[in-house]
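In: Any chance you could fold what I've pasted below:
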Amino acid sequence: MATKAKSGINIGGGAFVSEREAVLVPSGDGADGGLITLYAHKLGCLQVTEIMGIASARDESWLIPLVAASIQDDDGNQFTVEEIRTLRKEVADPLLSAVLKVNKIASGDGEEKN
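Out: Prediction:
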């Protein structure tokens with residue numbers, strides 16, 4: 001008897017997140033002040049909920065793991081949570097802003113980023 005391959009639920013590609021925003025950050029290599037492009041990816045609703053829930057249970061900030069989960073380079077490589085914690089301000093600030101914007105999370109000033 002032939003086994004039928006599971007096809008999954010076809011709800012259309014628009015049901016899944018695929019948005020990303022390019023972010024230029026200082027490379028940290030050499031004295032030329034070069035920039036590299038990283039990408040802030042929009043996370044799925046349940047991904048964000050899971051990150052926030054785990055952080056809350058540990059009584060930790062959810063921002064660091066959110067940034068670690070959202071930021072990727074061209075090859076899909078991501079920072080670890082420890083790497084995010086140790087980024088210089090001039091690198092961390094634009095990454096955090098892009099993550100908040102692409103994931104439509106309030107910036108802390110009372111207004112939602114769009």
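
In: quick one, what contacts the spatially closest residue to residue 18 that is not a sequence neighbour?
Out: Of all residues not flanking residue 18 in the chain, residue 42 sits nearest, at 7.5 Å (C-beta to C-beta, 6 or more residues apart in numbering). (Glycine included, C-beta is placed from N, CA and C.) Neighbour list for residue 42: 17-20, 70, 102-103 [criterion: C-beta atoms under 8 Å, 6 or more residues apart in numbering].

In: Mind doing that once more with 10 Å?
Out: Counting by C-beta atoms under 10 Å, 6 or more residues apart in numbering, residue 42 touches 17-21, 48, 70, 99, 101-104.

In: low-scoring stretches of the chain, by residue?
Out: Counting by pLDDT under 70, the chain shows low-confidence ranges at 1-7, 13, 15-17, 29-33, 107-114.

In: where exactly do the helices run in it?
Out: For the chain, the helices defined by DSSP state H occupy 45-57, 63-70, 81-85, 89-102.

In: I'd like the distance between residue 61 and residue 23.
Out: Residue 61 sits at a distance of 20 Å from residue 23 (criterion: C-beta to C-beta, to the nearest Å).

In: These two: which is more packed in?
Out: residue 23 (21 against 12; other C-beta atoms under 10 Å).

In: what's near enough to touch the residue lying closest to the more buried one once chain neighbours are set aside?
Out: Excluding its sequence neighbours, the residue lying closest to residue 23 (C-beta to C-beta, 6+ apart) is residue 98, at 4.4 Å. Residues near residue 98 by C-beta under 10 Å, 6+ apart: 20-25, 38-41, 67, 70-71, 113.
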